[in-house]
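Undergrad: Here is my input, please return the structure:
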Amino acid sequence: MEKKDTYLTLSDNSEGLYKEKGSKFLSFAFPVSNEDEIKEKLDFLRKEYYDARHHCYAYILGKDKVIFRANDDGEPNHSAGDPILGQIRSNELTNVLIVVVRYFGGVKLGVGGLISAYKIAAAEAISNNNIVEAIVKKKVLLQFDYLSMNDIMKVIKDFDLEIISQHFDNNCKMSLLVREGVLNEINSKFEIMEGVEMTIY
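TA: Residues are numbered from 1 along each chain as shown. Alright, predicted model coming up:
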C-alpha cells in the first residue's frame with residue numbers, strides 16, 4: 001500500500017466561546033507547523049488575556065502525529081489539556097494548536113464539569129474553522145550544469161513543482177518543494193541526467 005502524503009489540518013485561525021456557571025472558556029484554534037510558532041501564539045494569548053486564571057492548551061505536529069502535548073495550566077490533572085487534545089484527535093487533525101483561556105466565575109465545576117467545558121470549547125473553535133487536506137512537501141536542492149536546464153525545467157513543468165529559489169551561473173542551484181509521494185519518481189528522473197545532483201533537506 002502506498003503511504004499517504006496528505007494530512008488533515010485547519011485552514012485559518014478561529015475562536016469559540018463556552019460559558020458554564022459564570023466561568024467563560026474562550027477557545028482559539030491555529031494551524032501551526034513547528035514549536036516556535038506554538039510558543040509565539042501562547043505568548044501572545046497570555047499577554048492578551050493576562051487577567052485570565054488558566055491558559056490550557058494542546059497541540060499535535062507532523063503527518064505521523066508523534067509530536068503532541070497537553071497542558072492543564074493549573075487545572076486538575078487531565079481535566080483540560082487532555083479533552084482539548086481529544087478534540088484534535090477525534091477530528092484526525094495535525095499541525096494544530098488549540099488554546100482555551102478560562103475566566104473563573106466563582107463556582108467550581110468539578111473535574112467532570114471541567115472536562116466537558118474544555119471539550120466543548122475546543123470543539124467550538126474547530127467547528128468555526130475549515131478542515132482542509134494538506135500535502136506533505138519536502139525541500140529539494142538541485143545542483144546542475146547550465147546545459148541541463150531544459151531537461152530540468154521539463155520535469156518541473158511535468159510535475160508542477162514549486163520553485164523556492166534559483167541561482168543561475170555555470171553551476172546552477174535551484175530549491176524546489178516536492179510532494180512527498182512523487183519524490184522517488186522525481187529523483188529517478190534527475191539521476192539519469194548528466195551532472196545533476198539532488199539533495200533532500
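Undergrad: The residue nearest to residue 71 when sequence neighbours are not counted: how many residues sit nearby?
TA: Leaving out its chain neighbours, the residue that sits closest to residue 71 by Cβ to Cβ, 6 or more residues apart in numbering is residue 81, at 4.7 Å. Quick note: C-beta positions are derived from backbone N, CA and C, even for glycine. Using other Cβ atoms under 10 Å, residue 81 is surrounded by 22 other residues.
Undergrad: With the one 4 residues further on instead?
TA: Per other Cβ under 10 Å, the neighbour tally for residue 85 reads 22.
Undergrad: Dihedrals phi and psi, it?
TA: Note on residue 85: its backbone torsions stand at phi -60, psi -40 [degrees, to the nearest 10].
Undergrad: residues contacting it?
TA: The contact partners of residue 85, taken as Cβ atoms under 8 Å, 6 or more residues apart in numbering, are 58, 60, 68, 70.
Undergrad: In a markdown table: those, plus distance to residue 34 and secondary structure.
TA: A markdown table is the format used below for the contacts of residue 85 (distance: Cβ to Cβ, whole Å; DSSP: H, G, I helix; E, B strand; the rest coil):
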| residue | distance to residue 34 | secondary structure |
| --- | --- | --- |
| 58 | 16 | strand |
| 60 | 12 | strand |
| 68 | 13 | strand |
| 70 | 18 | strand |
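Undergrad: out of these, which is most surrounded?
TA: Ranking those using other Cβ under 10 Å puts residue 58 first, with 26 neighbours.
Undergrad: That residue pairs with what?
TA: Beta-bridge partners recorded for residue 58 (DSSP bridges): residue 70, residue 98.
Undergrad: rewinding a little: among the contacts of residue 85, pick out the one closest to residue 146, please.
TA: Sorting the contacts of residue 85 by how near they are to residue 146, with Cβ to Cβ, puts residue 60 at the top with 44.3 Å.
Undergrad: what's near enough to touch that closest one?
TA: By Cβ under 8 Å, 6+ apart, the contact set of residue 60 is 67, 68, 85, 88, 89, 93, 94, 95, 96.
Undergrad: Out of those, list just those in strands.
TA: 67, 68, 96 (DSSP state E).
Undergrad: Nearest residue to the second one in space, please, no chain neighbours.
TA: Spelled out, that is residue 68. Residue 68 sits nearest to residue 60 (Cβ to Cβ, 6+ apart), 4.3 Å away.
Undergrad: Any figure for the gap between that neighbour and residue 30?
TA: Plainly put, residue 60 is 12 Å away from residue 30 if you go by Cβ to Cβ, to the nearest Å.
Undergrad: so what sits against both of these two?
TA: Counting by Cβ under 8 Å, 6+ apart, the shared contacts of residue 60 and residue 30 are residue 96.
Undergrad: May I ask you to name the longest helix in the protein?
TA: helix 110-127 (DSSP state H).
Undergrad: Which parts of that one count as buried, going by neighbours?
TA: For helix 110-127, burial by neighbour count (16 or more other Cβ atoms under 10 Å) applies to 114-126.
Undergrad: This completes my enquiry, with thanks.
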